[in-house]
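> Just to be clear, the model below is a prediction. Sequence and coordinates:
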Amino acid sequence: NSGYIATGDAILMEGQDPEDIMPEKEDNQELVLAYYPDRKLNPLFGSDYTNRILMSLMYQPLFAVDNKKNVTPILAGKYQVSANSRNVTVWLDENATFSDGSYVTPNDVIATYQQAKVNDYYCNRFTHLLDVVLAEDGKGVVFQLDTAYSNFMMLMDVPIVKVHEVEAAIPLGTGPYVFAESSSGATLQRNPNWWCGKLKIAATDTTINLVEVSSAADVRDEFQFGEVSVVCANPMSDSFAEYRCDYELWEIESGYMMYIGCNILYSEHFDDGTLRTFLTYGIDRERLVRENIGDYGMPSTLAVSPASPYYKASLAERYAYDPTKFIEFLGRYGKTEEPIRLMVNSDDSVRLRIARDIVEAFNEYGLPMKLLEYDSATFHRELYNANYDLYLGQTKLSPNMDLSEFFREDGNLSWGGMANATCLDMCEEALENSGNYYNLHKKLGEDGRIIPVMFGYYAVYAQRGLMPDLNPSRDNVFYYSLGKTMEATRMEALPVVE
């Protein structure tokens, strides 16, 4: 059977209470998970989404974020935002302990975030984080920002590890399970002394058996024909393997954005800012998604996921596919002497197929374009050297869809002279007040220096009926709440002393 999207709603018999359909023995779930033994299990370094399923059971953040971008305190006991929204102070829950029974300390938090700031997996989300320091009372941790931030807590879902274990292969965590290895294989063992006590979460087994895998195809086969219970896949990945069995499916916004970047400074085609402003009308995003990743993506004309609360459909429609409008603009612009060079990483077969489709379409509409297909090393070298006109890129945006790294001087994504003070200011205005995202996305839609193509999902598969309480979120398949609220844990802001 084909999979369906789990809604979380069960069909009950007349007169039946929800409790009546719960399993009688929650410790007999017989959950089995896959993992890559040769890939990192340190949550500050490990980017593999299969291994991060395990991490969601082994580690906990200060705050967790659900699939609707609601924030809830986990290790945080209290927090305070300064009046100017440039400092966030967090005090730990006094009961929070690691699996060895030692208490979580402010120094653990500081060390974790200092490491996360420089690691590839998290660094782009902390563009505006200046430093993480001990509060004056010696108990809190202060996150110092270079701009006003309305909801910095949305980015504080980084798993906390011990101060001396930030670079360990498998550091101790504060979550309900502990990684264990023996001659019979690796397992996750429930911590009987978990500081959250008997809190109900989606995983209920005392022992979760782990199956070693070495490829995405292995993961799929172990799920379809083996014993693996829950898996996470990235349909925008070159290694995605399609699933064909009976399952429940959750599609979770992943933050992955595929986009066309313009060489603003060094391309003769885009230095006057004219041609790039109407390329968006020549891109049939719906077809590109449908034919290349089978509707597992979300077409987007805006540099924000359609699953984000900051996305505005009415604005997105202004920049939608319209070949007639594109041909009209091209007629006013005139013919180009040399074909436009679109560069793509040919090691990524998904992007390569999409790039070929884009080039073919533009040539049909009368805009000469050729494709530069480079392996990963050459692609990144030519990107650095700005030896292209356009490139088809892919990046993972933070949960708040911050675009600052595109427009900051020497930003990690500011290739081809993308940096722009006006755009950066508008990014900061959006961070201060989310109502300003509209203005930012309107500016970028009209400017055309970034031309979004699509955003991606994580596909979370579970054996049907096994996980009735699963509520996955981005990078946190086994998401759960402790019942705390942001309102109850927030302390009144102190005035800023000039």
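Now that the structure is in, tell me what you want to look at. The model shown is predicted, which means the values in this text are computed figures rather than measured ones.
> Under the pLDDT cut-off, which ranges of the stretch 351-498 of the chain? List them.
In the predicted model, the stretch 351-498 of the chain carries pLDDT under 70 at residues 494-498.
> And the helices in it?
Assigned by DSSP state H, counting those that start in this stretch, the helices in the stretch 351-498 of the chain fall at 376-385, 404-407, 421-432, 437-447, 486-489.
> Single out the most deeply packed of those.
Mean neighbour count (mean count of other CB atoms under 10 Å) peaks for helix 404-407 among those, with a mean of 24. In this view, the C-beta of every residue, glycine as well, is placed from N, C-alpha and C.
> And stretch 257-271, how far out from the chain middle?
Distance, stretch centre to chain centre, for stretch 257-271: 25 Å (CA atoms, centre = their mean, to the nearest Å).
> Give me the distance between the two termini of it.
24 Å (CA to CA, to the nearest Å).
> Sort out which residues of that stretch are buried, please.
In terms of neighbour count (16 or more other CB atoms under 10 Å), stretch 257-271 has its buried residues at 257-264, 267, 269-270.
> on that earlier part again, kindly reformat the helices of the stretch 351-498 of the chain as TSV containing distance to F223.
Formatted as TSV, those follow (distance: least, CB to CB, whole Å):
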stretch	distance to F223
helix 376-385	28
helix 404-407	35
helix 421-432	39
helix 437-447	37
helix 486-489	36
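> Y391: which of those helices is closest?
Nearest to Y391 among these is helix 376-385; the distance by CB to CB comes to 6.2 Å.
> and the closest one, what does it pack onto?
Contacts defined by 3 or more CB pairs under 8 Å, 6 or more residues apart in numbering; DSSP states H and E place helix 376-385 against strand 340-345.
> could you check the angle helix 376-385 makes with the strand it packs on?
For strand 340-345 against helix 376-385, the angle by axes from the mean of the first three to the mean of the last three CA atoms, to 10 degrees is 130 degrees.
> now strand 340-345: how far from the chain's centre is it?
How far strand 340-345 lies from its chain's middle: 25 Å, per CA atoms, centre = their mean.
> remind me which residues of the chain are low pLDDT?
Residue ranges of the chain with pLDDT under 70: 1-27, 494-498.
> Please enumerate the helices of the stretch 1-150 of the chain.
49-58, 106-118.
> Among these, which comes closest to A217?
In terms of CB to CB, the element of the helices of the stretch 1-150 of the chain nearest to A217 is helix 49-58, at 12.1 Å.
> what's in contact with that closest one?
Applying CB atoms under 8 Å, 6 or more residues apart in numbering, the external contacts of helix 49-58 come out as 33-36, 39-41, 43, 46, 159, 173, 175-179, 188, 203, 208, 210, 213, 219, 230-234, 458, 475-479.
> Please repeat the previous calculation with a cut-off of 6 Å.
Contacts with helix 49-58, where a contact means CB atoms under 6 Å, 6 or more residues apart in numbering, come from 33-36, 39, 41, 43, 173, 175, 177, 188, 219, 232, 234, 475-478.
> So what's the gap between that helix and the chain middle?
That offset, for helix 49-58, works out to 14 Å (CA atoms, centre = their mean).
> Tell me the one of the buried residues of stretch 257-271 nearest P368?
H269 (10.3 Å).
> Give me the phi and psi angles of the closest one.
Phi and psi for H269, reported as degrees, to the nearest 10, are phi -80, psi -20.
> In this protein, spot the strand with the most residues.
Longest strand of the chain, by residue count under DSSP state E: strand 247-262.
> Now do that one against helix 437-447: the angle between them, please.
With the same axes, to 10 degrees as the basis, strand 247-262 and helix 437-447 are set at 50 degrees to each other.
> quick one, strand 247-262 and helix 49-58 angle?
If you take the same axes, to 10 degrees, strand 247-262 sits at 120 degrees to helix 49-58.
> I'd like to know how far Y333 sits from F270.
12 Å (CB to CB, to the nearest Å).
> Just the contacts of helix 49-58: which are in strands?
Among these, the members falling in strands (DSSP E) are 33-35, 177, 188, 232.
> closest to K370 among those residues?
C232 (37.1 Å).
> The closest one touches A459, doesn't it?
No - assessed by CB atoms under 6 Å, C232 is found out of contact with A459, at 7.2 Å.
> T280 touches V453, doesn't it?
No - between T280 and V453 there is no contact under CB under 6 Å: 9.7 Å.
> one step back: would you format the helices of the stretch 1-150 of the chain as a markdown table with distance to E167 and mean neighbour count included?
What follows is these, written out as a markdown table (distance: least, CB to CB, whole Å; neighbours: other CB atoms under 10 Å):
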| stretch | distance to E167 | mean neighbour count |
| --- | --- | --- |
| helix 49-58 | 16 | 24 |
| helix 106-118 | 7 | 20 |
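> Turn the ones you listed into TSV, including distance to S346.
Shown next, in TSV, are those (distance: least, CB to CB, whole Å):
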stretch	distance to S346
helix 49-58	23
helix 106-118	30
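> which one of the helices of the stretch 351-498 of the chain lies closest to Y311?
Among the helices of the stretch 351-498 of the chain, helix 437-447 sits nearest to Y311 (CB to CB), with 8.2 Å.
> What are the contacting residues of that closest one?
With CB under 6 Å, 6+ apart as the test, helix 437-447 has contacts from 302-303, 310, 312, 319, 426, 430, 450.
> Recalculate using a threshold of 7 Å.
Helix 437-447 is contacted by residues 277, 301-304, 310, 312, 315, 318-319, 423, 426-427, 430, 450 when judged by CB atoms under 7 Å, 6 or more residues apart in numbering.
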